[in-house]
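# mind folding the following:
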Amino acid sequence: MSLYASLLLFSFIVPISLSFDKRLQFYRKWPTLLPAISMIAILYIIADVVLTNMGVWGFNERYHSGVTFLKLPIEEWLFFFVIPYASIFLHESLVLYFPKLKIDEAVARRTTLLLIFFFTALFVMNIGRTYTAYISMKMILVLLWTFFDKKRVIASFYVTFMVILIPFLIVNSILTGSFIDGEVVWYNNAENLGLRLFTIPVEDIAYAFSMILFSLLLRNLFIHSRLNLK
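Coordinates of the predicted model:
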């Protein structure tokens with residue numbers, strides 16, 4: 001098994017095993033969650049294919065299976081399903097066991113507005129850096145969407161994402177070259193800010209934030225639509 005596949009398995013095995021926990025019953029969320037994750041995954045995969053072909057990033061054949069489609073290793077395709085599932089499982093677990101683990105909604109709104117202004121400025125100042133501009137636009141869109149989310153998930157997500165970051169940083173640091181010779185995923189620093197947390201481009205944190213939050217927001221939209229149909 002490739003290193004990339006091993007990291008995905010490590011990320012997935014606990015969430016899928018505990019999805020049938022009697023208290024959490026995470027499997028009951030699948031009818032709305034899995035379509036949401038899949039639809040967001042498709043959008044991110046399309047962009048991934050484009051950015052890979054542009055040379056914004058690429059993959060080290062030494063650390064993946066060698067099975068590729070549209071220049072993406074099969075592990076990269078799976079990444080967009082496994083990581084959001086594992087992350088949302090952790091988010092939902094924290095919300096269940098610690099229901100007060102959220103910030104005040106007014107504070108959340110102000111934080112969101114500040115982040116929108118920040119990423120708008122970042123986009124304008126880095127229009128020539130493809131990855132930075134791309135993820136800034138993603139952040140602007142997902143943050144704007146939160147104002148229309150009836151469940152106000154952003155108030156809890158700001159907190160749970162800090163916890164989600166712990167396993168994310170471990171896995172992504174290995175993918176980007178920590179503890180191994182070379183890296184699983186390489187980045188063209190001309191297309192990003194050149195700032196790294198350990199070996200991780202700082203844009204990757206916003207990448208994870210937007211991908212997970214998009215899935216949560218779409219899931220909430222599906223839940224609201226199902227309730228309206230009843």
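# per-residue confidence for residue 228?
Each residue has a pLDDT score; the one for residue 228 is 64.
# isn't residue 220 right next to residue 153, touching?
Yes. Assessed by Cβ atoms under 8 Å, residue 220 is found in contact with residue 153 at 6.1 Å. Yep, even glycine has a C-beta here, placed from its N, CA and C like the rest.
# do a quick rundown of the strands in the protein.
Under the criterion DSSP state E, the chain contains strands at 57-59, 68-69, 72-73, 185-187, 196-197, 200-201.
# deepest of these, which one?
Mean neighbour count (mean count of other Cβ atoms under 10 Å) peaks for strand 200-201 among these, with a mean of 24.
# name the helices or strands packed onto it?
Strand 200-201 sits against helix 154-175, with contacts defined as 3 or more Cβ pairs under 8 Å, 6 or more residues apart in numbering; DSSP states H and E.
# just the buried residues of the helix it packs on, please?
Neighbour-count burial for helix 154-175, counted by 16 or more other Cβ atoms under 10 Å, picks out 154-161, 163-165, 167-175.
# how about stretch 136-144?
Residues of stretch 136-144 classed as buried: 136, 138, 139, 140, 142, 143 (neighbour count, 16+ other Cβ under 10 Å).
# next: stretch 71-87.
By 16+ other Cβ under 10 Å, the buried positions in stretch 71-87 come out as 72-87.
# just the ones in helices from the residues you listed, please.
If you go by DSSP state H, the buried residues of stretch 71-87 have 74-87 in helices.
# what's the most distant pair in the residues you listed?
Across those, no pair lies farther apart than 74 and 87, at 20.4 Å, counting by Cβ to Cβ.
# who touches stretch 72-84?
Residues outside stretch 72-84 that contact it (Cβ atoms under 8 Å, 6 or more residues apart in numbering) are 2, 4-5, 8, 11-12, 37-38, 40-41, 44-45, 48-49, 52, 59, 64-69, 168, 171, 208, 211-212, 215.
# before we move on, what about stretch 169-176?
3-4, 7, 10-11, 83, 179-180, 183-185, 187, 196-201, 204, 208.
# which of the strands of the chain sits closest to residue 101?
Residue 101 sits nearest to strand 196-197 of all those, at 23.7 Å, using Cβ to Cβ.
# who does the closest one pair up with?
Applying DSSP bridges, strand 196-197 is found paired with strand 200-201 (antiparallel).
# check residue 18 and give its pLDDT.
At residue 18, pLDDT is 97.
# give me the number of residues near it?
Residue 18 has 12 neighbours, counted by other Cβ atoms under 10 Å.
# flag the shaky bits of this protein, pLDDT-wise.
The chain contains residues with pLDDT under 70 at 227-230.
# centre-most residue in the chain?
With distances taken as Cα atoms, centre = their mean, the residue of the chain nearest its centroid is residue 208 (2.8 Å).
# how far away is the residue found closest to that residue once you drop the neighbours it is linked to in the chain from residue 88?
The shortest distance from residue 208 to any non-neighbouring residue, by Cβ to Cβ, 6 or more residues apart in numbering, is to residue 168 (5.4 Å). Distance from residue 168 to residue 88, counting by Cβ to Cβ, to the nearest Å: 12 Å.
# buried sites along the longest helix belonging to the chain?
Assignment by DSSP H gives helix 203-229 as the longest helix of the chain. Going by neighbour count (16+ other Cβ under 10 Å), the buried part of helix 203-229 is 203-223.
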